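Enquirer: sequence and predicted model, in that order:
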Amino acid sequence: MLHKITLENNKKAYFCSDQHFGAPSISESKLREQKFINWLNEIKKDAQVLFLMGDLFDFWHEWNHVIPKGYVRVLGKLAELKDSGIELFMFVGNHDLWMKSYFEDEIGCTVFFDKQYFEISDKKILLAHGDGLGPGDKGYKRMKKLFTNPVAQWAFKWLHPDIAMKVAIYFSTKNKMISGEEDKEFLGEDKEFLILYSKQKLKSEHFDFFIYGHRHLPLVLDLKKDASTSLSTTDAKYVNLGDWISYFTFGVFDGNKFQLKTFEN
């Protein structure tokens, strides 16, 4: 399905990813949460649409009548943006893949559990958190199959939330609580799995932008058009959005130009 958005005059689309709120501790996370809220206040004046590209929380799970404690100011600010007319799209990441209907029912976000295709002011964009795409990372792919298995999810929800949260936070920390040293190094176009995935997609379909979270390393790269096809006469741009742990980066698109920026305040 292709989602179409036409940006109004002087309006922009914003993109951010990998806030991992809750890590490495509640007290330290609140400092980052406040910075994120300051950014949301800043973009409110010209945002038409906001894409939250996954791992907003270091762990998130919804029971039928319970959600994790905390994040009230972040949730309230997102609700305020939605109520003001800004469209919100939320992608589920590998740390918050246990979302169900809370964000749609209470805030009005549209929640995606897989990659999506958007056309924003005539530019075709593939959007995804990025986990599990492309070659390699077989260990993670096996783990994701377990975590998304209906039987495993059914068993987990019957744990008391206090116990379940302790267990989940422990494994979340062991998995990839925050950006590690391996995420600070660019591996090269021939080894970066999301670049390889994007290049493969370009062989059969035209895109102007590929925008991902997950990788944590902020990056904008031109992907050269495939000379063996006539799908595109221009290069596509590949974007890693970075994170709100080390870099505090975000993407902004005005209908023509995409920029990756750092929020300094």
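Expert: Everything's here; your move. Residues are numbered from 1 along each chain as shown.

Enquirer: just the strands in the stretch 101-250 of the chain please.
Expert: Remark: strands assigned in the stretch 101-250 of the chain by DSSP state E, counting those that start in this stretch are 110-112, 116-120, 123-128, 209-212, 219-223, 236-240, 249-253.

Enquirer: what about the residue lying closest to Lys184 once chain neighbours are set aside, how many neighbours?
Expert: Nearest residue to Lys184, sequence neighbours excluded (C-beta to C-beta, 6 or more residues apart in numbering): Leu217, at 6.4 Å. C-beta coordinates here come from the backbone N, C-alpha and C atoms, glycine included. For Leu217, the number of neighbouring residues by other C-beta atoms under 10 Å comes to 19.

Enquirer: now Leu217. Its backbone dihedrals?
Expert: phi -80, psi 120 (degrees, to the nearest 10).

Enquirer: quick one: it from Glu185, how far?
Expert: Using C-beta to C-beta, to the nearest Å, one obtains 8 Å as the distance from Leu217 to Glu185.

Enquirer: quick revisit: export the strands of the stretch 101-250 of the chain as TSV, with columns for mean pLDDT and distance to Asn94.
Expert: Supplementary listing: the strands of the stretch 101-250 of the chain in TSV, determined by pLDDT from 0 to 100; distance: least, C-beta to C-beta, whole Å:
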stretch	mean pLDDT	distance to Asn94
strand 110-112	96	14
strand 116-120	98	17
strand 123-128	98	12
strand 209-212	98	12
strand 219-223	95	19
strand 236-240	96	15
strand 249-253	98	19
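
Enquirer: show me the shaky parts of the stretch 151-265 of the chain.
Expert: By pLDDT under 70, the low-scoring segments of the stretch 151-265 of the chain are 152-162, 164-183, 225-234.

Enquirer: what about the helices in it?
Expert: Assigned by DSSP state H, counting those that start in this stretch, the helices in the stretch 151-265 of the chain fall at 161-176, 193-202.

Enquirer: confirm Phe51 sits in a strand?
Expert: Yes: when DSSP: H, G, I helix; E, B strand; the rest coil is applied, Phe51 is found to be in a strand.

Enquirer: shouldn't the residue nearest to Lys184 be in contact with Leu194?
Expert: No: look at Leu217 against Leu194 with C-beta atoms under 8 Å: they stay out of range, at 10.5 Å.
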